[in-house]
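K.L.:
give me a model of this one.
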Amino acid sequence: MEISMIFKSKDGTAQGVAKQRFIESLATPDKRIINDPYACEFVFGSAVVKMIGHKFCVWLSQKILPGWHEHLVARTRFIDELVEEALINEAEQYVILGAGYDTRAHRLNFSDPFRVFEVDQPEVQERKRKKLPSVLLNNDRIVYVPVDFSYQSISKQLIESGFDNSKSTIFTLEGVSQYVSKEDLSSLVQEIDSLTQNTEATFYMSYIDELFTTNPEECCGAGFQKPGEKFELIRGLSAKSGEPWVSFYADTEIERILTINGFSIEENAALADLNSRYFSPVGRTIPESQLFNLERFVVAKKAVTNTTA
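P.N.:
Numbers count the residues shown, from 1 in each chain. The predicted model follows:
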């Protein structure tokens, strides 16, 4: 299985996402959507960003690419809530696929014996740990699982790292599917299926709607200006950073991949669906003309399929 593209050695996009989390965290508590106290560690020029402040940074983002900042912080909040809900429902372990600069293992309220497995390339993990405050590094609940996909499988490396395939598990694959081939994504979901044959599992993934390549107006709110150009702007910047987008999906494709591997979709949302959930309650309702539904956020679950008599 060749899915090495899932976990990039470059960190341009990871820094970009961390920057938006940092910017949002600068908002006052009554206005912010998320709070990530560690995102600043991964942002070049974080002192300058802090000096400029939340309002100006968001205003500038809206001028250049409306909805981009809101999309990323809404995605973060959406996954945070999913993981927290799974904890309430007694999930026992969490696997972050392509963890990059994800900080949930440090931000969310995990307690023993819950374990978090961060899966990524060893060089990415080394860079991340160098950037994290030293006080966060000695956390026994976090297991770093280095994977080189040119010769290693996720299943084997997770099991060898202490993953228990009898425990209820959350898997998240955030902002990754566009960077890998459809064949490789299918192979990855098959591996997740093999790891969860004897237990319940929750799987989150995001994907870019193929309509962006054919009819981008359908993916945006009424009055959104030049959505095709905005889409190509993001796509081009990602390619220049060494991380080109290669895969886009129809809803039916994602449903098929998940269904044949035992998962049932419980939610398929985009920024427009999260507007009233997150932004309106804090007085930041996104106008239709700035709704840029770049990705769809999918939550799928599977029940126990095999039981021991």
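
K.L.:
Val95 is in contact with Phe117, correct?
P.N.:
Yes - the pair Phe117 and Val95 passes the contact test of Cβ atoms under 8 Å, sitting 4.7 Å apart. Backbone N, C-alpha and C define where each C-beta goes, glycine included.

K.L.:
and the residue lying closest to Asp140 once chain neighbours are set aside, how far from Glu210?
P.N.:
Nearest residue to Asp140 in three dimensions, chain neighbours excluded: Asp112, at 7.9 Å (Cβ to Cβ, 6 or more residues apart in numbering). Per Cβ to Cβ, to the nearest Å, Asp112 is found 43 Å from Glu210.

K.L.:
higher neighbour count, these two?
P.N.:
Shown here are Asp112 and Glu210; by other Cβ atoms under 10 Å, Glu210 has more neighbours (15 against 7).

K.L.:
for the more buried one, what are phi and psi?
P.N.:
The phi/psi pair for Glu210 (degrees, to the nearest 10) reads phi -60, psi -20.

K.L.:
which residues touch the nearest residue to Gly100 once chain neighbours are set aside?
P.N.:
Distances taken as Cβ to Cβ, 6+ apart put Ala14 closest to Gly100, at 4.1 Å, once the chain neighbours are dropped. Residues in contact with Ala14 (Cβ atoms under 8 Å, 6 or more residues apart in numbering) are 8, 42, 100-101, 124.

K.L.:
tell me which of those has the lowest pLDDT.
P.N.:
Lowest pLDDT among the contacts of Ala14: Lys8, with 46.

K.L.:
give me the low-pLDDT residue ranges for the chain?
P.N.:
The model of the chain has pLDDT under 70 over residues 1-10, 149-151, 305-309.

K.L.:
which stretches in it count as strands?
P.N.:
Taking DSSP state E as the criterion, the chain contains strands spanning 93-97, 115-120, 142-146, 169-173, 201-208, 264-269, 295-302.

K.L.:
can I get those strands in CSV with mean neighbour count and distance to His54?
P.N.:
Conversion of the strands of the chain to CSV gives the following (neighbours: other Cβ atoms under 10 Å; distance: least, Cβ to Cβ, whole Å):
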stretch, mean neighbour count, distance to His54
strand 93-97, 24, 26
strand 115-120, 23, 28
strand 142-146, 19, 29
strand 169-173, 23, 26
strand 201-208, 24, 24
strand 264-269, 14, 25
strand 295-302, 22, 23
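
K.L.:
which one of these lies nearest to Gln62?
P.N.:
strand 295-302 (18.1 Å; Cβ to Cβ).

K.L.:
the closest one - contacts with which helices or strands?
P.N.:
When contacts are defined as 3 or more Cβ pairs under 8 Å, 6 or more residues apart in numbering; DSSP states H and E, strand 295-302 sits against helix 68-88, strand 201-208, helix 251-259, strand 264-269.

K.L.:
how about the helices in the protein?
P.N.:
12-25, 46-52, 54-64, 68-88, 104-107, 122-131, 154-160, 182-195, 211-214, 227-240, 251-259, 271-274 (DSSP state H).
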